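> 3D, please:
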Amino acid sequence: MKQAEGVPGRQTGSKASARAQEHFELKSATLGLLVLQLKTADLAVLAAELQQRLGSTPEVFDREPLLIDFSQLPQPVAPAAQAAQGELGLGAEPALDLVALLSLLRAYRMQPVAVTGAGPDLLARALEQGLAEAPDVDPAPRAEPRVQEVVREVIREVVVERPVPVEVPAEAPRTLVIDKPLRSGQQVYAKGGDLVVLALVSHGAEVIADGHIHVYAPLRGKAIAGARGNTEARIFAASLEAELIAIAGIYRTTENPLPDTVLGKPAQVRLEGEKLVMDPLKT
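As a prediction, the model looks like this:
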């Protein structure tokens, strides 16, 4: 008996139907994360500094995903060395209490999600707490010169091909334009370029750009320029009232009130060394 025609087609159709009924997809995504570079395991010292910087504005980093960088954390001191330091009157770096650290950060409404730069023991403890291991963040690679043309020269009827590297100009930065008001809880990120906002940035809203940020309206939320380390980035606002401003990781919150010369006025923010400088704009 021959196999009935059309059976394979029905099976294929069944598989296609099953694929059409899939209820989720997994896709890669790029997220901007707040990074805490930890330089001490002494949580009393860390708590005091957090209180000094953020005590009056605990909501600034409300539910912000946080990457904890342990690469600058001092190495644990062996017991014998600790004893020797004690005899010499030197303070020893305490062992890090990871659970207490996470509790401290969450008290300031940060949301730790991953760690980087951790040793095997610390990484194992982090994984037990439900944190992910993030790869080390390397500087953006420089664009390598590409071979654009081939020079041919004829010598005694022998063709010699020599590749000539030609510098290719980097792609022009892209600009993202937003023309609607940003409400509390909304976030906009201009990856690889500048951000232009033509409407109000409300308290609790967040604007982020790898380049400059221009807000042609009151800026009352958070503004983070040079998110990937561009120290030349600047923030421009028609009315500077921000609850947080940051450039290339250097930030200032409402704990340090904005100077009267720029508060509620057209202004720009730039970076000089590791200091944020605010200048009024002439109108």
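> show me where pLDDT drops low in the protein?
Scanning the chain for pLDDT under 70 picks out the ranges 1-20, 27-32, 55-60, 76-94, 136-173.
> Now with 80, please.
Across the chain, residues meeting the criterion (pLDDT under 80) sit at 1-22, 25-34, 52-63, 75-94, 135-173, 283.
> Where do the helices of it begin and end?
Secondary structure of the chain (DSSP state H): helices at 7-20, 43-54, 79-87, 98-107, 120-128.
> which residues make contact with the last one from outside it?
Meaning helix 120-128. Contact partners of helix 120-128, identified using CB atoms under 8 Å, 6 or more residues apart in numbering, comprise 68, 70, 96, 98, 115, 118, 133. No exception for glycine: its C-beta is placed from N, CA and C like everyone else's.
> rerun at 10 Å
Outside of helix 120-128, the residues within contact range by CB atoms under 10 Å, 6 or more residues apart in numbering are 41, 68, 70, 73, 76, 95-99, 102, 112, 114-118, 131-133.
> Are any of those residues buried, and if so which?
If you count burial by 16 or more other CB atoms under 10 Å, the buried members of the contacts of helix 120-128 come out as 41, 68, 70, 73, 76, 96, 98, 102, 112, 114-118, 131.
> Which two among those are spaced furthest apart?
Greatest spatial distance among the buried ones among the contacts of helix 120-128 (CB to CB): P76 and A114, at 21.7 Å.
> out of the buried ones among the contacts of helix 120-128, which one sits closest to A246?
Among the buried ones among the contacts of helix 120-128, I68 lies closest to A246 (CB to CB), at 18.1 Å.
> so that closest one makes contact with Q111?
No. Taking CB atoms under 10 Å as the definition, I68 is not a contact partner of Q111, at 11.2 Å.
> Quickly list what's touching both of those two.
Where contact means CB under 10 Å, 6+ apart, the residues bridging I68 and Q111 through contact with each are 34, 102, 105.
> Contacts only, for the last one.
Think L105. With contact taken as CB under 10 Å, 6+ apart, L105 is in contact with 36, 46, 50, 61, 64, 66, 68, 111-112.
> Scan these and report the most crowded one.
With neighbours defined as other CB atoms under 10 Å, the most crowded of the contacts of L105 is I68; it has 26 neighbours.
> Which residues does that residue form beta bridges with?
I68 has the following beta-bridge partners by DSSP bridges: L36, V115.
> Okay, it and P135: tell me how far apart.
Distance check for I68 against P135: by CB to CB, to the nearest Å, it reads 14 Å.
> Now the common contact residues for the two.
With contacts defined as CB under 10 Å, 6+ apart, the residues shared by I68 and P135 are 114, 116.
> So L195 sits against L219, correct?
No. Under the criterion of CB under 10 Å, L195 makes no contact with L219, lying 11.4 Å away.
> more crowded one of the two?
Neighbours were counted for L195 and for L219 using other CB under 10 Å; L219 has more, 29 against 26.
> Neighbours of R270, how many?
Under the neighbour criterion other CB under 10 Å, R270 is assigned a count of 18.
> For the closest residue to it other than its chain neighbours, grab the count of nearby residues.
Using CB to CB, 6 or more residues apart in numbering and skipping the chain neighbours, the partner closest in space to R270 is R234 (4.8 Å). The local packing of R234 (other CB under 10 Å) involves 19 other residues.
> could you list every residue that touches R234?
194, 211-214, 225-226, 247, 268-271, 277, 279.
> cool, and L36?
Taking CB under 10 Å, 6+ apart as the criterion, L36 is in contact with 46, 50, 61, 66-70, 101, 105, 110, 112, 115.
> Return the distance of it relative to E128.
Separation of L36 from E128 (CB to CB) stands at 19 Å.
> Same question for L244.
Relative to E128, L244 is positioned 32 Å away (criterion: CB to CB).
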